[in-house]
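A.B. asks: Need coordinates for the following:
(chains A and B)
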2 protein chains.
Amino acid sequence: MQYPKALEDLISEFMKYPGVGRKTAERYAMFSVIDLKNESINDFSQALISAKEKIRPCNICHHLTDKETCDICSDGTRDNSKIMVLETTKDVFSIEKSGTYRGLYHVLNGALSPLNGIGPNELNLVSLWKRLEKDDVKEVILATSATQEGEATAQYIKRVLREVEVLVTRIGYGVPVGSNLEYADDQTLNKAIENRRVF
Amino acid sequence: MQYPKALEDLISEFMKYPGVGRKTAERYAMFSVIDLKNESINDFSQALISAKEKIRPCNICHHLTDKETCDICSDGTRDNSKIMVLETTKDVFSIEKSGTYRGLYHVLNGALSPLNGIGPNELNLVSLWKRLEKDDVKEVILATSATQEGEATAQYIKRVLREVEVLVTRIGYGVPVGSNLEYADDQTLNKAIENRRVF
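C.D. replies: Take a look at the predicted model:
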């Protein structure tokens, strides 16, 4: 049996999301039409469009923000002698939640992965080099994931920065090898930041 | 750290869905703003509104449809001497997928659950009694879930139908006790329909 077209379309839309298979998408679609009121559907639809419209990368660190420059970059009380380099904007939220770090960030938007066609030009690296030229940065903390790609990215940045007078460190103990920062708990993240080593 | 408001709003919307916690909602919201293109967001938003607008309960059996009367009720080739009584419209899709049953349906929209304030008046029962008065129904197949509520609902309907000249059967062997129809595979459902017994 076919679902009515409007329902089938909605199921397809939900299936685009990461980790959402057919069964889960059917459940979300059913929930939408059966359990959610008209208002809730309008709110949801509006929230989607509004988030997509308003949320953009910060013009300095590429972290997601609803302003030109994100709250972290424009916060005068933060330690602007440190830049933590992260793969994704999700990782900024993870580190911020853990609550220890008070420096700035730089979001690469990925990690080097030659097999997937992601080389240095695909990452936000030029803007990082430029920040190091201009700003008063004393330390670059490489907090890419403890995966092969994350490690390769850290190595690459370290190599490039050999010619720049800046301390390059790598967060270390604490983050489980082979996993993404996103899934680390606050304590593990605090430990990893605390135990960073010269790279 | 706070997420930008538009992002936080979107996360809240996703958290309304069944089984979606904070972490999953964050992932869906991030995916929406980072990975989905503007077009995809518009399609999704449109699919939500359109499904909510177009999908309504069938005026005969209460199954979800985009027409006044659903495709099953208006299909002349189906055996209209049988009505299968189900808790939810999801169950109709499950039975239809299993492919054996060619009769009609009646969706109760729930099961009796006095503790949750769901009595006979909260279910689509009056319309069921009316169908039995008017139509040429020989058999009512009770296919409510094998849960306490589903069983109580089946018992209730059986009791009411004692005064009506109709064969009342209950699907049986096959559906695992304590679980919902939704999660049963096709073969289990076929078995359950085949082995239905007089109730």
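A.B. asks: Now do the SS call for the residue lying closest to A:Met15 once chain neighbours are set aside.
C.D. replies: Excluding the flanking residues, the one nearest A:Met15 by CB to CB, 6 or more residues apart in numbering or on different chains is A:Ala25, at 4.4 Å. All C-beta atoms are positioned from the backbone trio N, CA, C, and that covers glycine. For A:Ala25, the assignment made with DSSP: H, G, I helix; E, B strand; the rest coil gives helix.
A.B. asks: measure A:Ala25 to chain B for me?
C.D. replies: As judged by CB to the nearest CB, to the nearest Å, A:Ala25 and chain B stand 11 Å apart.
A.B. asks: Which residues are in contact with the closest residue to A:Glu122 other than its chain neighbours?
C.D. replies: Among residues not flanking A:Glu122 along the chain, A:Gly110 sits closest, at 6.3 Å (CB to CB, 6+ apart). By CB atoms under 8 Å, 6 or more residues apart in numbering or on different chains, the contact list for A:Gly110 reads A:Glu87, A:Thr88, A:Ile118, A:Glu122, A:Leu123.
A.B. asks: Just the buried ones out of those, please.
C.D. replies: In terms of neighbour count (16 or more other CB atoms under 10 Å in any protein chain shown), the buried residues within the contacts of A:Gly110 are A:Glu87, A:Thr88, A:Ile118, A:Leu123.
A.B. asks: Endpoints of stretch A:54-73, how far apart?
C.D. replies: 18 Å (CA to CA, to the nearest Å).
A.B. asks: can you pull the contacts of the residue nearest to A:Gly119 when sequence neighbours are not counted?
C.D. replies: Excluding its sequence neighbours, the residue lying closest to A:Gly119 (CB to CB, 6+ apart) is A:Leu112, at 6.7 Å. Contacts for A:Leu112 (CB under 8 Å, 6+ apart) come out as A:Ile118, A:Gly119, A:Pro120, A:Leu123, A:Glu149, A:Ala152, A:Thr153, A:Tyr156.
A.B. asks: Give me the number of neighbouring residues for the second one.
C.D. replies: Think A:Gly119. 12 (other CB atoms under 10 Å in any protein chain shown).
A.B. asks: helix, strand or coil for A:Val168?
C.D. replies: strand.
A.B. asks: What separation do you get for it and A:Thr147?
C.D. replies: Computed with CB to CB, to the nearest Å, the distance linking A:Val168 and A:Thr147 is 19 Å.
A.B. asks: Kindly report the same for A:Lys52.
C.D. replies: A:Lys52 sits 29 Å away from A:Thr147, going by CB to CB.
A.B. asks: Could you pull out the buried residues of the longest strand anywhere in chain A?
C.D. replies: Longest strand of chain A, by residue count under DSSP state E: strand A:79-86. Residues of strand A:79-86 classed as buried: A:Asn80, A:Lys82, A:Ile83, A:Met84, A:Val85, A:Leu86 (neighbour count, 16+ other CB under 10 Å).
A.B. asks: Now render those as a markdown table, adding pLDDT and distance to A:Val20.
C.D. replies: Converted to a markdown table, these look like this (pLDDT from 0 to 100; distance: CB to CB, whole Å):
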| residue | pLDDT | distance to A:Val20 |
| --- | --- | --- |
| A:Asn80 | 90 | 40 |
| A:Lys82 | 92 | 38 |
| A:Ile83 | 94 | 35 |
| A:Met84 | 94 | 31 |
| A:Val85 | 95 | 31 |
| A:Leu86 | 94 | 26 |
